[in-house]
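> got a predicted structure plus its sequence, pasted below:
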Amino acid sequence: MILINTEQVKELHEEIIDNTSGSHGIRDEGLLDAALASARQSFGGDDLYPTVTAKIARIAYGIIRNHPFVDGNKRIGTHVMMVLLKMNNINVNFTDNEIVEIGLGIATGKMNDSQLNDIILIKWRDSSRN
């Protein structure tokens with residue numbers, strides 16, 4: 001699996017804020033590190049997030065829920081998800097409204113990482129049929 005690191009996410013965040021407005025800055029880098037590391041968690045030698053899509057969903061969820069940036073956490077969380085999907089050759093097409101629903105669903109606690117993984121898998125399956 002291809003992953004991105006903390007510095008790369010911070011650079012993406014800068015670009016998002018420059019292009020969409022908002023406040024620059026990281027509130028807690030440890031929370032960002034934790035969100036990125038969460039995908040590599042294991043227990044008893046078994047990955048807690050065994051598939052690439054589960055890992056990506058967990059990272060997006062962690063960024064949005066941990067709220068490591070001063071502003072734009074939903075935007076960067078969903079953007080990182082899309083970047084990681086593309087980097088790992090998982091071709092999905094989300095509408096703008098679907099991306100907003102994902103960000104808001106996670107931020108409000110109405111969607112967890114497992115549910116996001118299910119959505120990614122459905123979109124991936126649907127994309128491969130076209």
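Received it, and whenever you're ready, just let me know what you need. Numbers count the residues shown, from 1 in each chain.
> can I get stretch 25-37 in CSV, CA atoms only?
Provided in CSV are the C-alpha atoms of stretch 25-37 (Å, rounded to 0.1, in the frame of the first residue of the first chain):
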residue,chain,number,x,y,z
GLY,A,25,-2.0,26.0,10.7
ILE,A,26,-1.9,22.8,12.5
ARG,A,27,-3.5,22.6,15.9
ASP,A,28,-1.9,19.4,17.1
GLU,A,29,0.6,17.5,15.0
GLY,A,30,0.4,14.5,17.3
LEU,A,31,-3.2,14.1,16.4
LEU,A,32,-2.3,14.1,12.7
ASP,A,33,0.4,11.6,13.3
ALA,A,34,-2.0,9.4,15.2
ALA,A,35,-4.6,9.6,12.4
LEU,A,36,-2.0,8.5,9.8
ALA,A,37,-0.6,5.8,12.1
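> buried residues in that stretch?
31-33, 35-36 (16 or more other Cβ atoms under 10 Å). Heads up, the C-betas are built off the backbone N, CA and C, glycines and all.
> what lies in contact with that stretch?
For stretch 25-37, the external contacting residues (Cβ atoms under 8 Å, 6 or more residues apart in numbering) are 3-6, 9-10, 13, 59, 61-63, 65-71.
> of the buried residues of stretch 25-37, which is the nearest to Gly105?
Each of the buried residues of stretch 25-37 was checked against Gly105 using Cβ to Cβ; the closest is Ala35, at 16.7 Å.
> helix/strand/coil for the closest one?
Assigned with DSSP: H, G, I helix; E, B strand; the rest coil, Ala35 falls in the helix class.
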